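J.: sequence plus the predicted model coming up.
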Number of protein chains: 2
Amino acid sequence: MKIVIIGGGAGGLSTASNIRKLDKNAKITVITRDENIAYSPCAIPYVLSGQVDHFKDIIMHQPEDYLERDIEVITRAEVFEVSSGEKTIKYNRIAPLSRIPSGESVELSYDYLVIATGGAPITPPIEGTDLEGVFKIRTIKDGETIKKWAQKSKKVVVVGAGLIGLEMAFGLKKMGLDVTINEMLPQIVPRSLDPSMALIVQKYLEKEGIKVILGKGMEKITGKERVEGVVYEDESFEADMVIMATGVRPETKLAKMAGCELGRWAVKVNEKMQTSIPSVYAVGDCVEVVDAITGHPTQSPLGSTAVRQAKIAARNIAGAGAEFKPVLNAMVSKIGELEFGSVGLTESFATQNGMEVISGKSRALTKARYYPGAKRIDVMMVCNPRGRIIGCQIIAKERVAERVDTMALAIAKNVTCHELSTTEFSYAPPVSMVIDPIILAAEAACEKLKNSLKNK
Amino acid sequence: MKIVIIGGGAGGLSTASNIRKLDKNAKITVITRDENIAYSPCAIPYVLSGQVDHFKDIIMHQPEDYLERDIEVITRAEVFEVSSGEKTIKYNRIAPLSRIPSGESVELSYDYLVIATGGAPITPPIEGTDLEGVFKIRTIKDGETIKKWAQKSKKVVVVGAGLIGLEMAFGLKKMGLDVTINEMLPQIVPRSLDPSMALIVQKYLEKEGIKVILGKGMEKITGKERVEGVVYEDESFEADMVIMATGVRPETKLAKMAGCELGRWAVKVNEKMQTSIPSVYAVGDCVEVVDAITGHPTQSPLGSTAVRQAKIAARNIAGAGAEFKPVLNAMVSKIGELEFGSVGLTESFATQNGMEVISGKSRALTKARYYPGAKRIDVMMVCNPRGRIIGCQIIAKERVAERVDTMALAIAKNVTCHELSTTEFSYAPPVSMVIDPIILAAEAACEKLKNSLKNK
């Protein structure tokens, strides 16, 4: 069996590894445009901040490591033709460093093709984005270029206050730059946090010396060859660097070329991760998934999602069978000391989509009150009118990620705030409170529901 | 409505607070033998180790705090008579400091009685346990006495390698003593950890300079008035202090006096936390509960259990209704830097009780491999032959408690290792791995199941 995988990120390489585990004999080829493989793009900001020393540290494997498992990885290669009728692809080698096709074109045939082309950063339609000093973030090379430029810069504006935007802002702040984050919407992390929770993170960023401009869009970036400043409707200021962290658009070009059906957001796949063409699978940021709460198509551009999808795709390609389940987009981020996470829907998203919801909040501690080093923790739990939990947001300086995971499971298993409020949690003074902050938030949600029933 | 609660620990006081939330007018009286209330006995070792400064720090409330919520708390009072026919109790004041009844006896009538008398330390039948320098651990007073004695001691033997034993041993080690832990069974933490996991904790203790003697029982404690040494079948050595951490026996005397039915282990209660006498409820270490996996009666002497039971008892007394669910005994402990936790059944317990089980293990990291400060984490997951998870043990120097909570929910919701292996977990390099160690353990369990099916 011959399998060709396009893309050397988490989705593509995990698919390759998982197929190899299940099938000793398959011929597996991974093709990527990038010169590096198997790195964690979400770790780029941590190299800027100095929390990780070098960009090479975040590269976890080399092509040779895969060759040991009989997986061929071809880097710096651009697939320019996919024929799903013939079951062939063609690629060109990209000349080292120049990124110009060298003209050497190779054809490969496949039994199964896996499209894991990821997403490409979106450049918003602002004048001046082509100036030197305006950066997007996708590859390690982008990270290296940004780091070099930042070393000779003083003032940077990060456009977009999603996770990558905030993490980049913090990294650049740690490099000593004057940092401004600019988000068009009236709050940071609009996709994952409700306004009151976003404000906690915003205040932390501001305490760390990062300026936050909300609710206005940049009109243009000024400069002759390189960035000199940014202009808004009501103000303008100097800057020598602009980072575009304005989101990612699924790369669907090759999938389209293969004839795969596209959905509202990206490549359509069934629960086997199979596209509309039976011999073509797709995983990672280039596919759309089903939201577990709304049942509607959505995007889940997370490394953890790509890895789960890779496992499912591999099992199906190898004939073992498995289904990818609707997603809750469980996410977590750590900015400096502050950890924040979210799973399911925010109250704002639910309300905007016509859903009736209530939310319960708690503000408590991560350890027993008397235990030194206890940190404040904030929990917000969103429930539907029957008490079913549909979302949860958590912020603290420790122990957030695993609580998000507990809540992801609770939501996946249709747990209500009533049930959760008497659920068993572990306790020891140095690591928790005798009543977990999650339980307190569930209790607050129960109380809200009771009062809302009374008022009806 | 008049409610009398006997016991000023987590169970008794939480019941009082919860009733007050639901019923503004109830007359609530709490009676306790202890001179302190509302403290965390499990925090006593942390005062010895110096992680918490003073014993007074672990007392979270004073009787006056409860009086503000119109809850009367009577300390240093011994209930000596319960008449469930008359619905009355009688107590004597214990003279301050002397603990001798002063003869002043008071009668109280009640509509509901709540027995929250906890457990009493078990003294094993060893010669010499009445010598000066032999201690049990139950109250703050015990903690203070131990601390004083330890300050003039050199060598201590802690008998019993359960959680309290280990935590006390570590606390005394931090005070500078030469510490030996002695456990009759061939491993430490026999109730919550399987041998291979217990060994990880044991090695940590040994690295911290604590000696561990396993698989032999102490024959006697020698000394004239005070402890001078301990004697085993094959060795004996000097010691000037012995701590008995050999478990706790439910205090059921008053429940018996009230005519409440006892079960195999302790006071029998239904899912409302009601004893066989409808006007008498019981919560905390003095009751027995149902094991969620085996369905058999078991004990759950945990503060977190007492607090959950208190909520259920209060709701039922106040007429709101609620059911206490079978327990999984989710627990966590932190000894120095090492955190370990367990939930559900161990493989050993299951096997000894005739259950067929398999287990999957993982050894991974708490952060991305390249992120500084990533710590080793060990997970062991126990499943039945259909893959249903029935237990999980986790050890690492961070982020254990919340993973135990995730697993508690997974077990409570009948999740299988197959389902868990594709469950959504959050990910960010500074706080997790892209595939969580829990998932890796679930995958290992799936693999074991597959192989065990093949061999059949």
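T.: Now that the structure is in, tell me what you want to look at. Everything numeric here is computed off the predicted structure, so don't read it as measured data. Numbering: from 1, shown residues only, chains lettered A, B, ... in the order given.

J.: only C-alpha atoms from now on, for both contacts and neighbour counts.
T.: Noted.

J.: report the buried residues of stretch A:119-127.
T.: Neighbour counts over stretch A:119-127 (16 or more other Cα atoms under 10 Å in any protein chain shown) mark A:Gly119, A:Ala120, A:Pro121, A:Thr123 as buried.

J.: please read the previous query as pertaining to stretch A:317-329.
T.: A:Ile317, A:Ala318, A:Ala322, A:Glu323, A:Phe324, A:Lys325, A:Pro326, A:Val327, A:Leu328, A:Asn329.

J.: for A:Ile377, give me its contacts.
T.: Each residue near A:Ile377 by Cα atoms under 8 Å, 6 or more residues apart in numbering or on different chains is listed here: A:Arg363, A:Ala364, A:Leu365, A:Thr366, A:Ile394, A:Ile395, A:Ala396, A:Lys397, A:Pro437.

J.: closest to A:Cys260 out of those?
T.: Within the contacts of A:Ile377, the smallest distance to A:Cys260 is 38.4 Å, found for A:Ile394 (Cα to Cα).

J.: for A:Lys256, the count of nearby residues, please.
T.: By other Cα atoms under 10 Å in any protein chain shown, the residues close to A:Lys256 number 13.

J.: identify the farthest-apart pair in the contacts of A:Ile377.
T.: Using Cα to Cα, the two most remote members of those are A:Lys397 and A:Pro437, lying 13.8 Å apart.

J.: between the two, which is the more surrounded one?
T.: Neighbour count, other Cα under 10 Å: between A:Lys397 and A:Pro437, A:Pro437 has more, with 24 against 17.

J.: my guess is A:Leu131 meets A:Val227, correct?
T.: Yes - counting by Cα atoms under 8 Å, A:Val227 is a contact partner of A:Leu131 at 5.9 Å.

J.: between those two, who's got more neighbours?
T.: A:Val227 (22 against 18).

J.: how near is A:Met355 to A:Ile390?
T.: The gap separating A:Met355 from A:Ile390 is 11 Å, by Cα to Cα, to the nearest Å.

J.: shared neighbours, those two?
T.: A:Asn384.

J.: okay, the two: which has more neighbours?
T.: Remark: of A:Met355 and A:Ile390, A:Ile390 carries more neighbours, 30 against 14, as counted by other Cα under 10 Å.

J.: need the contact list for the residue nearest the centre of chain A.
T.: In chain A, the centroid-proximal residue (Cα atoms, centre = their mean) is A:Leu302; its distance is 3.5 Å. Applying Cα under 8 Å, 6+ apart to A:Leu302 gives the contacts A:Gly284, A:Asp285, A:Asn329, A:Met331.

J.: SS state for A:Val114?
T.: Assigned by DSSP: H, G, I helix; E, B strand; the rest coil, the conformation of A:Val114 is strand.

J.: repeat that for A:Trp265.
T.: Under three-state DSSP, A:Trp265 comes out as coil.

J.: check contacts around it.
T.: So A:Trp265 contacts A:Pro250, A:Val287, A:Glu288, A:Pro297, A:Thr298, A:Gln299 (Cα under 8 Å, 6+ apart).

J.: closest point of the stretch 101-250 of chain A to chain B, which residue?
T.: In the stretch 101-250 of chain A, the residue that lies nearest chain B is A:Leu163 (10.4 Å; Cα to the nearest Cα).

J.: ends of stretch A:351-362, what's the gap?
T.: By Cα to Cα, the extent of stretch A:351-362 from end to end equals 21 Å.

J.: so where's the stretch 201-350 of chain A uncertain?
T.: For the stretch 201-350 of chain A, no stretch has pLDDT under 70.

J.: and the strands in it?
T.: Assigned by DSSP state E, counting those that start in this stretch, the stretch 201-350 of chain A shows strands spanning A:211-214, A:220-222, A:229-231, A:236-238, A:241-244, A:248-250, A:280-282, A:289-290, A:297-298, A:331-335, A:338-344.
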